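1. requesting a structural model of the entry that follows:
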Amino acid sequence: MMYPSWTLLSLPLALWTSTGVLASPLSTTSKSRPHPRPLVIWHGMGDSYNSPGMLEFMSLIEDMHKGIFVHSVYLDENPKDDQRACFWGDVNEQVATVAAQLSNITELAGGFDAIGFSQGGQFLRAYVERYNSPPVNNLITFGSQHMGVSDLPLCRPWDVGCQLARRAARGGVYTEWAQKNLVQAQYYRDPAQLPTYLASNRFLASINNEVPSSINTTYAKQFASLNKLILVLFSGDKTVVPKESSWFGAYAPPPDDGGIFDKTIIPMRMQEVYVEDRFGLRTLDQRGDVILETCEGEHMQLSTGCWKPLVRMYTGGPVGGDSVFRPGEGQTVFSV
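-> Numbering: from 1, shown residues only. Okay, the predicted model is just below:
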């Protein structure tokens, strides 16, 4: 099946780069009343906040939820520099920058729903756990690496910036320099090097509260304040390894006796951080508010039949209420 251009939003995440520079950071609104809840989107690796794919996707949401305010997260107003920040930079500093950005947008003051594409999903989760002011209502993540990746994402052949970052990361993914400067290194979780990962990783191990001696109890409280968490896995994903990371799954460590590493997946509900409710995931799940969804196809190949029911159901709800539409409210209720 051929998909329209906006369906490929992140690495190979984005086949698009911006063809023009906006005069100001991208956000759109309408004067109609009453307003649906605002929406924030964080793009994926290799994309930028105002690429043609992002613009078209946002336009489709505006058509779906009339009068909605949509803000596309940026790390630099220059699209090329925003795209570069997908590969180079300190993720902790980037999340802090976005938190300050969101706190200064008047339309978001009462809270918002959020969509994270690929790595943008775990970055938005970090925002919820560490800041969440203004608060997130529903969080949808498409193909995100919540338990990290055990192989670095592939690059497009002509993407020199990505190729350089990937090569540098593979040369020393757990070095201090890589953990402060290479974005993908900061969510690289090698099951064969878990002690090294736990000792050196400054981002993923932190937001997952994986280090018992440095657990931040605020994370669980803030994360459990979500109304709904919708986790979308791509059935044919070969970019995110393992693909089950999108559902908080991860490879089990290899046996201590040096036996064959058979790539057994530890699912979400068997993860130590879930069992001990280190950051609020078990609380959300036992409340019935973790929704596991599957999209057919490769990483970030978003068909209309996949994204549209989810975005219709979990975004754009009335301000002051949840975002799951009920019969009689003039919206189509999808079974997903």
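
2. now the helices: where do they sit in the chain?
-> Along the chain, counting by DSSP state H, helices occupy 52-64, 79-84, 91-103, 119-130, 160-170, 176-181, 194-200, 204-207, 217-223, 272-275, 281-286, 304-314.

3. confidence-wise, which of those helices is weakest overall?
-> Looking at those, the lowest mean pLDDT belongs to helix 160-170 (a mean of 66).

4. output the helices of the chain in JSON lines; the columns should cover distance to Pro255.
-> Just so you know, the C-beta spots here come from the backbone N, C-alpha and C atoms, and that holds for glycine as well. Listed next are the helices of the chain as JSON lines, based on distance: least, Cβ to Cβ, whole Å:
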{"stretch": "helix 52-64", "distance to Pro255": "43"}
{"stretch": "helix 79-84", "distance to Pro255": "41"}
{"stretch": "helix 91-103", "distance to Pro255": "32"}
{"stretch": "helix 119-130", "distance to Pro255": "28"}
{"stretch": "helix 160-170", "distance to Pro255": "25"}
{"stretch": "helix 176-181", "distance to Pro255": "27"}
{"stretch": "helix 194-200", "distance to Pro255": "13"}
{"stretch": "helix 204-207", "distance to Pro255": "23"}
{"stretch": "helix 217-223", "distance to Pro255": "31"}
{"stretch": "helix 272-275", "distance to Pro255": "18"}
{"stretch": "helix 281-286", "distance to Pro255": "27"}
{"stretch": "helix 304-314", "distance to Pro255": "37"}
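
5. which residue ranges of this structure form strands?
-> Using DSSP state E, the strands of the chain run over 27-28, 39-42, 70-72, 112-117, 136-142, 228-234, 250-251, 265-266, 290-295.

6. sheet partners, orientation included, of the fifth one?
-> Pairing partners of strand 136-142, with direction, according to DSSP bridges: strand 112-117 (parallel), strand 228-234 (parallel).

7. kindly compare burial across those and name the winner.
-> Among the strands paired with strand 136-142, ranked by average contacts under mean count of other Cβ atoms under 10 Å, first place goes to strand 112-117 (a mean of 27).

8. what about it, distance to the chain center?
-> Distance of strand 112-117 from its chain centroid, counting by Cα atoms, centre = their mean, to the nearest Å, is 8 Å.

9. could you do stretch 225-237 as well?
-> Distance, centroid of stretch 225-237 to centroid of chain: 9 Å (Cα atoms, centre = their mean).

10. ends of that stretch, how far apart?
-> 30 Å (Cα to Cα, to the nearest Å).

11. neighbouring contacts of that stretch?
-> 128, 132, 135-144, 146, 240, 243-244, 246-248, 281, 284, 289-301, 306, 310, 314, 322-324 (Cβ atoms under 8 Å, 6 or more residues apart in numbering).

12. contacts only, for the residue nearest the centre of the chain.
-> By Cα atoms, centre = their mean, the mean C-alpha position of the chain lies nearest to Gly121, the distance being 0.7 Å. Listed by Cβ under 8 Å, 6+ apart, the contact partners of Gly121 are 42, 139, 141-146.

13. Throw those into CSV and include pLDDT, thanks.
-> Converted to CSV, the contacts of Gly121 look like this (pLDDT from 0 to 100):
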residue, pLDDT
Trp42, 98
Leu139, 98
Thr141, 98
Phe142, 98
Gly143, 97
Ser144, 98
Gln145, 97
His146, 98
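
14. tell me the two of those residues that are most distant?
-> Greatest spatial distance among the contacts of Gly121 (Cβ to Cβ): Leu139 and Gln145, at 14.8 Å.

15. the more surrounded of the two?
-> Taking other Cβ atoms under 10 Å, Leu139 and Gln145 do not tie; Gln145 has more neighbours (27 against 24).

16. got the contact list for that one?
-> Counting by Cβ under 8 Å, 6+ apart, Gln145 touches 118-119, 121-122, 187, 240, 245-246.

17. nearest residue to it in space, ignoring adjacent ones along the chain?
-> Ser245 (4.8 Å; Cβ to Cβ, 6 or more residues apart in numbering).

18. number of nearby residues for the one you found?
-> The tally of other residues near Ser245 (other Cβ under 10 Å) stands at 27.

19. and the nearest residue to Asn181 once chain neighbours are set aside, how close does it get to Ser206?
-> Closest residue to Asn181 in three dimensions, ignoring its sequence neighbours and counting by Cβ to Cβ, 6+ apart: Trp88, at 6.3 Å. Using Cβ to Cβ, to the nearest Å, Trp88 is found at 20 Å from Ser206.
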